[in-house]
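Colleague: with the input below, show me the fold.
(one chain, ligands or ions: 1)
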Amino acid sequence: MKLSEMRELLATRGIQLTKSLGQNFLHDGNQLRRIIEAAELSKADKILEIGPGLGPLTELLLENAGEVLAIEKDARLVEFLRERFGHSKLKTQNLTFNLLHADALAFLKRERRDWNEWKLVANLPYSVASPILVELAQGARAPRKIVATLQLEVARRLMAGAGDKDYGVLTLLVQLDYAPADSFKIPKGCFFPEPDVDSACVVLDRRGTPLLPEHQRGIFVKIVKRAFSQRRKMMLKLLREDWPVEKLERAFAELKILVQERAEKLSLEQFVGLTQCLTE
Ligand code: SAH
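Modeller: Predicted coordinates:
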């Protein structure tokens, strides 16, 4: 969908875009193609799309995948999408398209579906991008691949490694289950209306073997959140809030972590090791 078509469509339907819903539509054909390529689609793929908007990405997903479930919060856009991707046409091509009018975050929390065989491919609403990823990207029910466009600042946090300035809670909560595979910047000018910030598309692959068993995940989250609760403080001191100091010192020694270390220097593997030591 070209920018001119997008503008005309919004004007004829009298749709005023809502900033709080993060309505910045991607109209750049090259970037849309890059996103689709990154998703490595086949007709066997089931795709979850959150925030389809006017459907520029949805159209390409339907061309390249076998099933698409799109969740859109804005009723005006849902109505438009229903007209645009009418069922009869899709049926003849053996495609399944489901469109839900819902708040995606509330839906994901309520339904707790198994997305294990699904891929998430979406240009996310930025205000809820991080909570949606955290909700979706955890444990055995998580999608096998995530190709998400979001704020550059959040993308940097998702791709960060130990010692980077963007490394933190979001990095670790997502990277526990996903290996960051790729990311590319998408300039503001590719969206209508132009957002205030630059964007990036991140590609995350679910790990083949989970780094921690299901019952230790809660401990991992607790350690990570506590360790980063005050970035400048020694981690050992912070963790003393939750664990006896002797146990912590033993764990640190076993994992060869310096007692004065701060959380931002610790690798994912070290956080995993710490979780294992502290649950024993
Ligand atoms: N994917 C489209 C639109 C991106 S804009 C494109 O690339 O052009 C973000 C979209 O998410 C908007 O359509 C907005 O209405 C929708 N949205 C915002 N908050 C949402 C929520 N909580 N759940 C589902 N959709 C939401």
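Colleague: skipping adjacent residues, who's closest to the residue in the stretch 151-280 of the chain positioned nearest to the ligand in space?
Modeller: Residue nearest to the ligand within the stretch 151-280 of the chain (CB to the nearest ligand atom): Phe191, separated by 7.4 Å. Using the backbone N, CA and C atoms, a C-beta is placed for each residue, glycine as well. Ranked by CB to CB, 6 or more residues apart in numbering and with sequence neighbours excluded, the top spatial neighbour of Phe191 is Asn24, at 4.1 Å.
Colleague: okay, now the unreliable bits of the stretch 51-200 of the chain?
Modeller: 87-92 (pLDDT under 70).
Colleague: what does this structure put close to the ligand?
Modeller: The interface of the chain toward the ligand, taken as CB under 6 Å from any ligand atom, is made up of 21-26, 50-53, 56-57, 71-74, 77, 103-105, 123, 125, 128.
Colleague: just the buried residues of those residues.
Modeller: Buried members of these, counted by 16 or more other CB atoms under 10 Å: 21-26, 50-53, 56-57, 71-74, 77, 104-105, 123, 125, 128.
Colleague: mind checking which of those residues land in helices?
Modeller: Counting by DSSP state H, the part of those found in helices is Pro56, Leu57, Leu77, Ala104, Leu105.
Colleague: between the residues you listed, which is closest to the ligand?
Modeller: Ala104 (3.4 Å).
Colleague: touching, that closest one and Glu135? I think so.
Modeller: No - using CB atoms under 8 Å, Ala104 is not in contact with Glu135, being 9.2 Å away.
Colleague: re the thing from before, now, among the ones in helices among the buried ones among the residues of the chain next to the ligand, which is nearest to Leu238?
Modeller: Leu105 (29.0 Å; CB to CB).
Colleague: which residues are in contact with the nearest residue to that closest one once chain neighbours are set aside?
Modeller: Leaving aside its sequence neighbours, Leu105 sits nearest to Val128 (CB to CB, 6+ apart; 5.1 Å). Contact analysis of Val128 by CB atoms under 8 Å, 6 or more residues apart in numbering lists Gly22, Ala104, Leu105.
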